[in-house]
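Undergrad: Got a sequence here, can you model it:
(chains A and B)
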Amino acid sequence: MKVKAKEKDGIVKVKVLAKHQNIGPEEGEKKKKEANFITSVIAKVGDAVVYDLSGSGFMSKNPLFKFKFKGKKGDELEVTWTDLKAETKTKKVKIK
Amino acid sequence: MMDRRKFLGLGLAAVALAPMTVSALDFRKEKPDAWKAEKPADAIKALYGDIKPEEKGVTIKAPELAENGGKIPVFVRSDIEAKSVALFQDANPRAAVAAWTVPEGGIVDFGITMKMKGSGSITAIVEGKDGKFYSKVLKIEVSKGGCGG
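TA: This is a model prediction of the structure:
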């Protein structure tokens, strides 16, 4: 997972690139692969949730998520995705 | 053609496996039917109930002609103070693509890359803090379908 977070005028712009096959059930049947996709992406600064997505198999392979929130430089942003098989990945970055 | 029983089974498995999160509302866990509906209208009903959204205040940014249906960049934007946002389309076997819980004071400017099997309409719903619903529908052309098609 790659995460970039940059602040300008009090607004933090975030890009999250998740490395995931993100295969929906129908697609899995076609490709003879097991369906598995990102079901949630949550971003936090400290205990405050700044982004909360529920996903599906219709997001693309290696999906890219972009969002904005009110924040400041130097804070730590923690991004976690979870997939259908309950595997999770977390990445922490400093807001630039 | 997908076996209905198998399809439902997958849905149940998805619910059973949905992990605990810190989110205020886990859409996948608490609104499982919204993710099974084939048509956007049914998915919206399953997610929000019988709502009549106003067609204003919401913008969808997406390419008018997507060459690759496997990775279509879509943005949903709104200045409305929102509680949640949901994104649907009508080209895939099921309608729901993603849903967001908007944190207090959050900015509605969500970018996502999605798959579409062919040309169709993208629908975004914004649930305002005022208890009203707002929507936008955007038609896009897809020249090469996603979903392994």
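Undergrad: Would you enumerate the residues in contact with the residue nearest the centre of chain B?
TA: The centroid of chain B falls nearest to B:Leu87 when counting by C-alpha atoms, centre = their mean (2.4 Å). Residues counted as contacts of B:Leu87 (C-beta atoms under 8 Å, 6 or more residues apart in numbering or on different chains) are B:74, B:76, B:96-99, B:110, B:112, B:114, B:122-124. From N, CA and C alone the C-beta is placed, and that goes for glycine too.
Undergrad: try B:Gly120
TA: By C-beta under 8 Å, 6+ apart, the contact set of B:Gly120 is B:89-91, B:139-140, B:142.
Undergrad: least trustworthy helix or strand in chain A by mean pLDDT?
TA: helix A:25-31 (a mean of 89; mean pLDDT, DSSP states H and E).
Undergrad: average pLDDT across the very next helix or strand once past that one?
TA: Sequence-wise, the next helix or strand downstream of helix A:25-31 (DSSP states H and E) is strand A:38-45. Taken as a whole, strand A:38-45 carries a mean pLDDT of 97.
Undergrad: Now look at strand A:38-45 and say if it contacts chain B.
TA: Yes - Strand A:38-45 reaches chain B (C-beta under 8 Å from any C-beta of the partner chain) through A:39-40, A:42, A:44.
Undergrad: What strands line up against the helix or strand just after that strand, and which way round?
TA: Per DSSP H and E, strand A:38-45 leads on to strand A:48-54 as the next helix or strand towards the C-terminus. Paired neighbours of strand A:48-54 in the sheet (DSSP bridges): strand A:38-45 (antiparallel), strand B:96-101 (antiparallel).
Undergrad: Let's have those in JSON lines, adding mean neighbour count.
TA: As requested, the strands paired with strand A:48-54 are exported to JSON lines (neighbours: other C-beta atoms under 10 Å in any protein chain shown):
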{"stretch": "strand A:38-45", "mean neighbour count": "23"}
{"stretch": "strand B:96-101", "mean neighbour count": "26"}
